[in-house]
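Asks: output the structure for:
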Amino acid sequence: MLEMTEDELQEKLVRVLETQNALIVIDDIWRERDWDRIKHVFLPRKGWKVILTSRNEGVALHADPKCVTFKLDYLTCEDSWNLFKRIAFPMKDTTEYKVDEEMEEMGKKMIEHCGGLPLALKVLGGLLAAQYTLREWKRFSDRNISSVFHVLCLSFDELPIYLKHCFLYLAHFPEDYAINVEKLSYYWAVEGISRPRYYDGANIRDVADGYIEELVKRNMVISERDVMTSRFETCQLHDTMREVCLYKAKEENFLQVVQGTSTANSYSPCKSRRLAVHWPDKTFNVEEVANASLITLLFIMSEEWKATSLFLGRHKLIRVLDLSSVKFERGKLPSSIGNLIHLRYLSLYEAHVTHLPYSMRNLKQLLYLNLYVHTTGETYMPNFLKEMRELTYLYLPREIHKKVKIELGNLVNLETLKNFSTEHGSVSDLQGMTRLRALSIYIREGFVLDCVHLRQLKLEIYMPRLPDKKHFPSHLTTISLIACRLTEDPMLILEKLVHLKEVYLGARSFSGRRMVCSRGGFPQLHKLKLWRLDELEEWIVEEDSMPLLHILSIRATIHYFFRGSEY
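Replies: Alright, predicted model coming up:
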């Protein structure tokens with residue numbers, strides 16, 4: 001749904017309202033004109049209801065003067081104190097513990113400025129939770145805190161420098177945008193954010209998870225660790241905290257955000273060295289906004305915009321370039337991309353590209369390269385990857401031209417390799433990749449995979465049976481099998497991989513009729529997907545198999561299901 005245009009979404013909504021009763025929830029509308037853009041969708045007939053949320057009561061009354069309004073009450077003084085106390089004293093949440101009287105007096109005085117708003121109370125509590133002495137509390141109490149906004153700004157002012165930099169970077173993204181933490185980790189890494197010594201030795205993703213956790217504890221960022229991966233997969237900003245983020249980013253000239261649907265002439269040239277462009281349309285001219293000293297340029301939701309070779313040639317200092325979904329003339333990425341020798345992050349994810357230039361061999365500083373382009377055919381790319389020895393993340397195109405051969409043996413720093421195929425490269429190139437943690441691979445013939453540190457593995461290979469348990473990486477947590485055409489039950493091997501948390505059996509992965517999950521198997525499995533196993537007829541799950549399973553997704557017709565189990 002996020003990928004739909006406004007017209008497509010409205011058309012779909014009309015079809016729903018014409019054919020069935022519906023409850024429509026429209027969240028967080030700020031302006032009357034936003035309602036006016038969609039109101040014609042709601043046909044004058046019974047069968048539908050609308051719940052509309054807004055900070056502005058006038059928006060609701062504009063939509064329907066006879067509407068029933070519900071106003072959320074702010075927290076009472078007592079509830080405010082209880083919430084604040086729970087956050088500010090997390091390790092002392094017992095009935096026996098008594099807060100220091102002077103701290104309580106100062107705390108109750110400070111929370112008056114939170115106006116009963118839970119977010120402000122949580123942020124202030126998180127801020128003071130790290131301050132252990134009466135003297136430190138007094139320092140905060142003496143600050144000129146006069147409003148909710150000042151409370152939230154104070155939480156930013158008290159961040160260590162490295163977290164300030166991390167937090168400001170979140171201003172690049174639109175409101176309510178689910179920020180991909182894996183991508184964010186590379187944005188931060190490329191920025192060269194100085195990090196505390198206790199992060200020494202950690203990889204890029206681990207460091208980012210640490211930063212996110214610190215911001216979550218301060219209630220400045222919304223995120224939760226994924227139950228399968230134990231990582232923060234996405235994060236978001238509360239609307240009010242995003243206002244603080246944008247305010248501070250502007251105050252410090254950290255970045256500029258441009259709405260590409262507006263005329264570029266309405267903006268003065270960007271004075272910042274970072275630029276984020278949201279929803280650029282066909283008429284948007286980035287040259288009227290960007291400056292030659294940019295180091296970061298992100299295009300977000302850019303399906304309509306077409307890039308030019310001139311735009312790539314001007315910004316020679318750039319280090320982060322995200323061209324996801326951008327279109328290029330005749331599907332050719334301009335050779336001027338090779339002039340951006342300082343690039344450390346380049347994403348062409350779903351960009352409309354069929355030809356990659358040989359000049360990309362000059363991009364030797366890249367840490368992150370995503371070549372998973374949007375094309376209905378093959379992608380032509382010269383053998384330039386062998387020059388990129390710094391790469392830690394590489395996502396190859398869906399389908400590479402059959403004559404293309406690539407060499408990856410020099411890429412010993414890779415931690416993630418996606419869409420690798422032995423049709424275009426040698427599996428022996430993987431042997432030196434001792435840091436490799438995630439691999440998706442398409443293999444024409446049998447193989448021996450010696451990547452002991454792998455955590456995630458995706459296999460597309462014809463093989464009648466799985467190798468023995470000893471041939472799999474010992475700490476594997478995620479495995480996906482596609483088009484393997486296994487004739488022997490894969491569960492006999494997979495259930496013995498004791499660290500597995502996620503298993504996906506995709507189309508044509510298993511051609512047998514019977515599958516069994518034995519007692520005691522899959523002791524840590526959280527997620528299981530069985531999709532398009534057209535020949536599977538019987539699946540037996542014995543008691544005490546998969547005791548931690550949280551998510552089960554099935555797209556197959558199975559005649560016997562969970563026999564011998566009390567699921």
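Asks: how far away is His62 from Trp30?
Replies: 12 Å (Cβ to Cβ, to the nearest Å). In short, each C-beta sits where N, CA and C put it, glycine included.
Asks: compare these two (neighbour count), which wins?
Replies: Applying other Cβ atoms under 10 Å to His62 and Trp30 shows that His62 carries more neighbours, namely 18 against 13.
Asks: helix/strand/coil for the more buried one?
Replies: Using DSSP: H, G, I helix; E, B strand; the rest coil, the secondary structure recorded for His62 is helix.
Asks: where does the closest residue to it other than its chain neighbours land on pLDDT?
Replies: Leaving aside its chain neighbours, His62 sits nearest to Glu32 (4.5 Å; criterion: Cβ to Cβ, 6 or more residues apart in numbering). Note on Glu32: pLDDT of 80.
Asks: so how far is Leu61 from Glu32?
Replies: Taking Cβ to Cβ as the measure, Glu32 falls 9 Å from Leu61.
Asks: likewise for Leu505?
Replies: 53 Å.
Asks: do Leu536 as well
Replies: Distance, Leu536 to Leu61, using Cβ to Cβ: 57 Å.
Asks: neighbour count winner among those two?
Replies: A direct count of neighbours by other Cβ under 10 Å for Leu536 and Leu61 places Leu536 higher, at 20 against 14.
Asks: nearest residue to Gly115 other than its sequence neighbours?
Replies: Val148 (5.3 Å).
Asks: tally of neighbours for the one you found?
Replies: The number of residues packed near Val148 is 20, by other Cβ under 10 Å.
Asks: and the helices in the stretch 351-500 of the chain?
Replies: 491-494 (DSSP state H, counting those that start in this stretch).
Asks: please read the previous query as pertaining to the chain.
Replies: Taking DSSP state H, the helices of the chain run over residues 6-19, 32-38, 57-63, 77-88, 101-111, 118-129, 134-141, 148-157, 161-169, 181-191, 204-217, 239-251, 309-314, 491-494.
Asks: pull the distance from the last one to the chain's centre.
Replies: Put plainly, it is helix 491-494. Here the centre of helix 491-494 is set off from its chain's centre by 31 Å, with Cα atoms, centre = their mean, to the nearest Å.
Asks: can you dump the C-alpha atoms of it in PDB for me?
Replies: The C-alpha coordinates for helix 491-494 follow below in PDB (Å, rounded to 0.1, in the frame of the first residue of the first chain):
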ATOM      1  CA  MET A 491      13.200 -31.300   8.500                       C
ATOM      2  CA  LEU A 492      15.300 -34.300   9.500                       C
ATOM      3  CA  ILE A 493      18.400 -32.200   9.100                       C
ATOM      4  CA  LEU A 494      17.100 -28.700   9.800                       C
END
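Asks: contacts for it, please.
Replies: Around helix 491-494, the neighbours that count as contacts under Cβ atoms under 8 Å, 6 or more residues apart in numbering are 466-469, 472, 479, 500, 503, 515-518, 521-522.
Asks: just the buried subset of the residues you listed, please.
Replies: Buried by 16 or more other Cβ atoms under 10 Å: Leu466, Phe472, Ile479, Leu500, Val503, Met515, Val516, Cys517, Gly521, Phe522, out of the contacts of helix 491-494.
Asks: how about JSON lines for these, with distance to Asn180 added?
Replies: Conversion of the buried ones among the contacts of helix 491-494 to JSON lines gives the following (distance: Cβ to Cβ, whole Å):
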{"residue": "Leu466", "distance to Asn180": "32"}
{"residue": "Phe472", "distance to Asn180": "28"}
{"residue": "Ile479", "distance to Asn180": "22"}
{"residue": "Leu500", "distance to Asn180": "24"}
{"residue": "Val503", "distance to Asn180": "23"}
{"residue": "Met515", "distance to Asn180": "34"}
{"residue": "Val516", "distance to Asn180": "37"}
{"residue": "Cys517", "distance to Asn180": "33"}
{"residue": "Gly521", "distance to Asn180": "33"}
{"residue": "Phe522", "distance to Asn180": "28"}
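Asks: restricted to strands, list those.
Replies: Ile479, Val503, Met515, Val516, Cys517 (DSSP state E).
Asks: how about the second one, nearest residue that isn't a chain neighbour?
Replies: In other words, Val503. Once flanking residues are discounted, Val503 sits nearest to Leu528: 5.3 Å by Cβ to Cβ, 6+ apart.
Asks: hang on, isn't that neighbour packed against Leu549?
Replies: Yes - with contact defined as Cβ atoms under 8 Å, Leu528 reaches Leu549; the gap is 6.4 Å.
Asks: and the two? Which one has more around it.
Replies: Taking other Cβ under 10 Å, Leu528 and Leu549 do not tie; Leu528 has more neighbours (21 against 16).
Asks: show me the beta-bridge partners of the more buried one.
Replies: Beta-bridge pairing of Leu528 under DSSP bridges involves Val503, Leu552.
Asks: what do you get for Ile51?
Replies: Note on Ile51: beta-bridge partners by DSSP bridges are Val25.
Asks: what's the neighbour count on it?
Replies: 10.
Asks: OK, contacts around it?
Replies: Contact partners of Ile51, counting by Cβ under 8 Å, 6+ apart, are Leu23, Ile24, Val25, Ile26.
Asks: same thing but 10 Å
Replies: Leu23, Ile24, Val25, Ile26, Asp27, Phe70 (Cβ atoms under 10 Å, 6 or more residues apart in numbering).
Asks: and the closest residue to the first one other than its chain neighbours, what's its pLDDT?
Replies: The spatial neighbour of Leu23 that comes closest, neighbours along the chain excluded (Cβ to Cβ, 6+ apart), is Lys49 at 5.2 Å. Note on Lys49: pLDDT of 84.
Asks: got it, and the one 4 residues further on?
Replies: pLDDT, Thr53: 86.
Asks: hang on, it packs against Asp27?
Replies: Yes - taking Cβ atoms under 10 Å as the definition, Thr53 is a contact partner of Asp27 at 5.1 Å.
Asks: in terms of neighbours, single out the busier of those two.
Replies: Between Thr53 and Asp27, counted using other Cβ under 10 Å, Thr53 has the larger neighbour count: 13 against 9.
Asks: in contact with that one, which residues?
Replies: Val25, Ile26, Asp27, Asp28, Ile29, Val59, Ala60, Phe70, Leu72.
Asks: kindly tell me how buried the fourth one is, as a neighbour count.
Replies: The reference is to Asp28. By the criterion of other Cβ under 10 Å, Asp28 has 12 neighbours.
Asks: any idea how far the closest residue to it other than its chain neighbours lies from Val181?
Replies: Residue nearest to Asp28 in three dimensions, not counting chain neighbours: Thr53, with 5.8 Å by Cβ to Cβ, 6+ apart. Going from Thr53 to Val181 by Cβ to Cβ gives 27 Å.
Asks: where does pLDDT dip in the stretch 301-450 of the chain?
Replies: For the stretch 301-450 of the chain, the stretches with pLDDT under 70 are 309-310, 444-450.
Asks: before we move on, what about the chain?
Replies: Residues of the chain that meet the criterion pLDDT under 70 lie in 1-5, 45-46, 90-98, 132, 144-146, 261-269, 309-310, 444-450, 557-567.
Asks: quick one: furthest residue from the center of it?
Replies: Glu101 (43.7 Å; Cα atoms, centre = their mean).
Asks: any idea how far that one is from Trp137?
Replies: 12 Å.
Asks: you'd agree Ile161 is up against Ile193?
Replies: Yes - between Ile161 and Ile193 a contact is recorded at 8.6 Å, counting by Cβ under 10 Å.
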